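Undergrad: here's my sequence, what's the structure:
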Amino acid sequence: MRVAIAGFQHETNSFAKVSASLPKWIEAGILHGDEIVNEYKESKATIAGILSRLATESDIELVPLVFSRLMPMGNITAEAITHLIDEIVLLVREQGPWDIVFLAQHGAAVSELYADTDGEVAARVRAIVGPDCIIVTNLDMHANVSRKVVANSDIVKVYQTNPHLDTFERAYESADLAIRFYNGEIRPTSYLATPPLVANILKQGTDDRPMSDLLEFAKTELNNPSVLSVSVVEGYPYSDVPQMGMTFLAITDNDADLAKTVANRIAMRAWDLREALNGVATSTDLALTEAAANPERPVVLFDVGDNVGAGTPGDSTFVLHASRRLGITGLLQALCDPTVVAQCIALGVGAKIDAEVGGKADEMHGDPFHISGVISAITDGKYAETKPSHGGFLFYNDGPSVAIKTDDGNSILLTSLPAMSSSILQFRNAGLEPLDHKIIVTKGVHSPRAAYEPIAKKMYWLDTAGASTAALENFAYSHRRVPMYPFEEDTTWVLED
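TA: Sure, this is the predicted structure:
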């Protein structure tokens, strides 16, 4: 059995200002062969789950071809997407034939050439390997799943937790289904339901109602032995594409009618919950005021508008400016500012720094914030998180970073790269202890929860502006479906015949 692994993962924010250029992909790392295995085999990411299941088989020749992962940002440039797809196509063609090809994708990739970039990858690979090769596509729960992806894949498997803590397990299951299909034990048959429905990012936590109720309802469909897999896909509302929105995928054992019935039944349950799947964030001033008055620490604030995991620059200063206006201190926050990081490195630990930080990437994320303080640490920004974390990744790299204790009582971690708040080690790596701070500001919505929910005395999701604000009505969509709930509140949906 000859098996290939290939792909690239990108969650594209159509409203972000920075494009995903080829130099950025190269800087992030385009891995080949054993480089892929070495990077992911000890993690809990998608590729690790695939590798783990394949390792239990004795008659497999595994060939990792190419894989890359880039932090979310704006559209993938034409140059970059041409390079990425051409390399996948070349390697699949030259090193074949194949029995199984695993495509480790995200599902919300958008490029200057293809609105449905993940669908384009699946179609290109299918054209090479033919109808008899098994194609497995693994996707993020924030995928905007298209019919093109499903039509060109035999198996599509999607994470079912947010924060994404089941990446390994879902990938393992996808590999198991592929091997069973190869051995003639099953014949996967899929159906994708696509109601005109968006779930607000605030309501996408899978431990929170109503999303948790919807997932429990979907799981009951697995009681039927003919149902091989069900996926509730939350969608990614910051990609301005026709396939944007929630989708529901059922895979059965050679029963197309059952797949359609199951997918539609779950989709209709979501449609009935559509009002509850949308909501509003908390006023930043209110959250700061209540956090400052809370006798317990720490209180965690989620800077929704600067969710680095959704393609923002990580340098929003709205919360810092609000805290200064309100006279509130004791904040711990990370900001991306490579220019000031370089200045601090030149000055050294213990030196005094007076600078304008953050608010420089674009006009959407606030104005620079003035600080003065002492440089308390300088690090390379690299750390490894072995505890459960969003996406199951092991290695993190925030770029050269510096910790600053400001004169007004805040602790600021400046990073050279936009940095997700997926691990407490981000701060501890620079000598900043989150438990010692009154208020922690994280860049994200659900991705920081695995790290910060266990220590938070209270949590607030803020109404901050930015390229990932929860106020979706602030975005000027050009390509989404119309009508679509909640943009058009009177939208109706009738099941397809």
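
Undergrad: in space, what's closest to residue 229 - neighbours in sequence excluded?
TA: Closest residue to residue 229 apart from its sequence neighbours, by C-beta to C-beta, 6 or more residues apart in numbering: residue 251 at 4.2 Å. Every C-beta, even on glycine, is put in place using the N, C-alpha and C of the backbone.

Undergrad: with residue 449 instead?
TA: Closest to residue 449 by C-beta to C-beta, 6+ apart is residue 163, at 5.1 Å.

Undergrad: check whether the one you found really touches residue 445, as I assumed.
TA: No - Residue 163 lies out of contact with residue 445 (C-beta atoms under 8 Å); the separation is 9.6 Å.

Undergrad: what about the helices in the stretch 51-200 of the chain?
TA: In the stretch 51-200 of the chain, the helices defined using DSSP state H, counting those that start in this stretch lie at 78-95, 117-129, 147-151, 167-182.

Undergrad: what's the shortest one packed up against?
TA: Okay, so that is helix 147-151. Here helix 147-151 touches helix 117-129, strand 188-193, going by 3 or more C-beta pairs under 8 Å, 6 or more residues apart in numbering; DSSP states H and E.

Undergrad: give me the below-cutoff pLDDT ranges for this structure.
TA: Scanning the chain with the threshold set as pLDDT under 70 gives 388-394, 497.

Undergrad: got the domain boundaries for it?
TA: According to automatic domain parsing, the chain comprises the domains 2-272, 284-470.

Undergrad: hang on, the earlier thing: distance check, the residue nearest to residue 449 against residue 248.
TA: Separation of residue 163 from residue 248 (C-beta to C-beta, to the nearest Å): 21 Å.

Undergrad: and what of residue 95?
TA: For residue 95, the distance to residue 248 equals 35 Å [C-beta to C-beta].

Undergrad: ok, now residue 10?
TA: Separation of residue 10 from residue 248 (C-beta to C-beta): 23 Å.

Undergrad: equivalent analysis for residue 271, please.
TA: As judged by C-beta to C-beta, residue 271 and residue 248 stand 10 Å apart.

Undergrad: so between the two, which is more surrounded?
TA: residue 248 (28 against 21; other C-beta atoms under 10 Å).

Undergrad: quick one: contacts for that one?
TA: If you count contacts by C-beta atoms under 8 Å, 6 or more residues apart in numbering, residue 248 has them with 192-193, 195, 218, 230-233, 263-264, 266-267, 270.

Undergrad: mind checking the SS state of residue 328?
TA: The assignment at residue 328 comes out as coil when based on DSSP: H, G, I helix; E, B strand; the rest coil.

Undergrad: which residues does it contact?
TA: Applying C-beta under 8 Å, 6+ apart to residue 328 gives the contacts 288, 289, 291, 292, 439.

Undergrad: which two from the residues you listed end up farthest apart in space?
TA: Pairwise distances among the contacts of residue 328 were taken by C-beta to C-beta; the largest, 10.9 Å, belongs to 289 and 439.

Undergrad: who has more neighbours, those two?
TA: Taking other C-beta under 10 Å, residue 289 and residue 439 do not tie; residue 439 has more neighbours (24 against 15).

Undergrad: now do that one against residue 331, distance only.
TA: To residue 331, residue 439 is 5 Å away according to C-beta to C-beta.

Undergrad: name the residues contacting each of those two.
TA: Shared contacts of residue 439 and residue 331, counting by C-beta under 8 Å, 6+ apart, come down to residue 323.

Undergrad: where do the strands sit along the stretch 1-150 of the chain?
TA: Assigned strands in the stretch 1-150 of the chain, in chain order: 2-9, 30-32, 61-69, 100-104, 134-139 (criterion: DSSP state E, counting those that start in this stretch).

Undergrad: what angle do the last one and helix 117-129 make?
TA: Between strand 134-139 and helix 117-129, the angle formed by their directions is 170 degrees, by axes from the mean of the first three to the mean of the last three C-alpha atoms, to 10 degrees.

Undergrad: and strand 134-139, which strands flank it?
TA: Here strand 134-139 has these sheet partners by DSSP bridges: strand 100-104 (parallel), strand 155-158 (parallel).

Undergrad: centre of the chain to it, how far?
TA: Here the centre of strand 134-139 is set off from its chain's centre by 18 Å, with C-alpha atoms, centre = their mean, to the nearest Å.

Undergrad: same thing with the shortest one?
TA: In terms of C-alpha atoms, centre = their mean, the centre of strand 30-32 is found 20 Å from the chain centre.

Undergrad: in it, what counts as buried?
TA: Across strand 30-32, burial judged by 16 or more other C-beta atoms under 10 Å covers 30, 31.

Undergrad: the closest residue to residue 340 other than its chain neighbours is in what secondary structure piece?
TA: Nearest residue to residue 340 in three dimensions, chain neighbours excluded: residue 355, at 4.8 Å (C-beta to C-beta, 6+ apart). For residue 355, the element it lies in under DSSP states H and E is strand 352-357.

Undergrad: how about the contacts made by residue 233?
TA: 107, 139, 141, 142, 143, 145, 158, 246, 247, 248, 249 are the contacts of residue 233 under C-beta under 8 Å, 6+ apart.

Undergrad: can you count the residues close to the second one?
TA: Translated: residue 139. For residue 139, the count of nearby residues is 29 (other C-beta under 10 Å).

Undergrad: can you tell me who it pairs with across the strands?
TA: Under DSSP bridges, the beta-bridge partners of residue 139 are residue 158.

Undergrad: please report the distance of it from residue 477.
TA: The value you get for residue 139 to residue 477, if C-beta to C-beta is used, is 22 Å.

Undergrad: CA atoms only for stretch 410-420, dumped as PDB, please.
TA: Output of stretch 410-420 as PDB, limited to C-alpha atoms (Å, rounded to 0.1, in the frame of the first residue of the first chain):
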ATOM      1  CA  ASN A 410       1.800  46.700  33.400                       C
ATOM      2  CA  SER A 411       3.800  43.800  31.900                       C
ATOM      3  CA  ILE A 412       4.200  43.800  28.100                       C
ATOM      4  CA  LEU A 413       5.600  41.000  26.000                       C
ATOM      5  CA  LEU A 414       6.700  42.300  22.700                       C
ATOM      6  CA  THR A 415       7.100  39.700  19.900                       C
ATOM      7  CA  SER A 416       8.600  40.000  16.400                       C
ATOM      8  CA  LEU A 417       5.900  37.800  14.900                       C
ATOM      9  CA  PRO A 418       2.100  37.900  15.300                       C
ATOM     10  CA  ALA A 419       1.600  35.500  18.300                       C
ATOM     11  CA  MET A 420      -1.400  33.400  19.200                       C
END
